[in-house]
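[1] sequence below, structure please.
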Amino acid sequence: MTHKFFITGTDTNVGKTIASAWLCLKLKAAYWKPIQSGAIEGCDADTVAALTQNAGIDVLSSSYVFQAPLSPHLAAALEGSEISFNKLVLPANDSIIVEGAGGVLVPLTHKKLMVDLMQHLNLSTIVVARTTLGTINHTLLTLEALRVRQIQVHGVILNGPENNDNLWAIETYGNVPVIGHLPILSQITQQALDQIPLRRYS
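    Residues are numbered from 1 along each chain as shown. So this is what the prediction gives:
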């Protein structure tokens, strides 16, 4: 079965990369992060490769890699570069997980935001959100921004300590399924991720 999703988040460092690795394992999908900033601190593709190395997951090279841990438009400018959507072509893999950078309104150029790239690639989206205080507002704002742009939302993945009240609120007020919950892990390994089930998949 073909699975193609764009993974976005309610914020930076919300758990998109771990969620992407988990989905790659569950769906046997390739991984692609088209724009990587903050490479001086490490690349997300390397993290996914390490977490899926025994599963035959195809980890594709980023189209843009910038060193500074900044918003992509600033990181690109520091290197005398500018992101062009002409270079951002969806790979031909049957199943693929595409990870964005930051949240949906992160600037990529002076005129383009991450949500414009999501429209450009035309994939259904999965939103990664925290389980902690503030997540309801942040998640609902993200969902609204996506729906204004008529981007299909497949579901939400929650990352953090279990919080059934926030899960209920996101599903109810956001009118969206929470398809998975990534709990706090003592050690993030491929084996640990393999043991986390999809809550539901629709």
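[2] and Ser202, what pLDDT?
    You'll see Ser202 listed with a pLDDT of 52.
[3] now do the helices in the protein.
    For the chain, the helices defined by DSSP state H cover 16-27, 44-51, 72-78, 114-121, 135-148, 164-174, 190-194.
[4] distance between the third one and the chain's centre?
    When C-alpha coordinates are averaged (C-alpha atoms, centre = their mean, to the nearest Å), helix 72-78 and its chain have centres 20 Å apart.
[5] give me the residues contacting it.
    Residues from elsewhere that reach helix 72-78, judged by C-beta atoms under 8 Å, 6 or more residues apart in numbering: 35, 37-38, 64, 66-70, 82-83, 101-102, 106-110. In this view, the C-beta of every residue, glycine as well, is placed from N, C-alpha and C.
[6] what about 10 Å?
    34-40, 64-71, 81-83, 100-102, 106-114, 117 (C-beta atoms under 10 Å, 6 or more residues apart in numbering).
[7] so which of the residues you listed sit within strands?
    Secondary structure defined by DSSP state E assigns 35-36, 64-65, 100-102 of these to strands.
[8] check those residues for the minimum pLDDT and say which it is.
    Lowest confidence among the ones in strands among the contacts of helix 72-78: Gly102, with 91.
[9] about what we covered before: could I get the ones in strands among the contacts of helix 72-78 as CSV with neighbour count and distance to Ile7?
    Conversion of these to CSV gives the following (neighbours: other C-beta atoms under 10 Å; distance: C-beta to C-beta, whole Å):
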residue, neighbour count, distance to Ile7
Ile35, 23, 13
Gln36, 22, 14
Tyr64, 22, 17
Val65, 16, 18
Gly100, 25, 6
Ala101, 25, 11
Gly102, 22, 12
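[10] can you name the residues bridging to Asn159?
    In this entry, Asn159 is beta-bridged to Arg130, Leu182, by DSSP bridges.
[11] give me the neighbour count for it.
    Other residues near Asn159 number 23, with proximity taken as other C-beta atoms under 10 Å.
[12] can you check the pLDDT for it?
    97.
[13] and for Asn54?
    86.
[14] thought it was touching Gln190?
    Yes: in this structure, Asn54 is within contact of Gln190 by C-beta atoms under 10 Å, at 6.1 Å.
[15] what residues are shared contacts of these two?
    Shared contacts of Asn54 and Gln190, defined by C-beta under 10 Å, 6+ apart, are found at Leu25.
[16] dump the residue contacts of the nearest residue to Ile188 once chain neighbours are set aside.
    In this structure, Ile188 finds its nearest non-sequential neighbour in Ile18, 6.2 Å apart by C-beta to C-beta, 6 or more residues apart in numbering. If you count contacts by C-beta under 10 Å, 6+ apart, Ile18 has them with 44, 47-48, 51, 128, 157, 159, 182, 185, 188, 193.
[17] could you dump those to a markdown table with distance to Asn93?
    Output for the contacts of Ile18, formatted as a markdown table (distance: C-beta to C-beta, whole Å):
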| residue | distance to Asn93 |
| --- | --- |
| Asp44 | 17 |
| Thr47 | 19 |
| Val48 | 14 |
| Leu51 | 18 |
| Val128 | 21 |
| Ile157 | 21 |
| Asn159 | 25 |
| Leu182 | 23 |
| Leu185 | 27 |
| Ile188 | 24 |
| Leu193 | 20 |
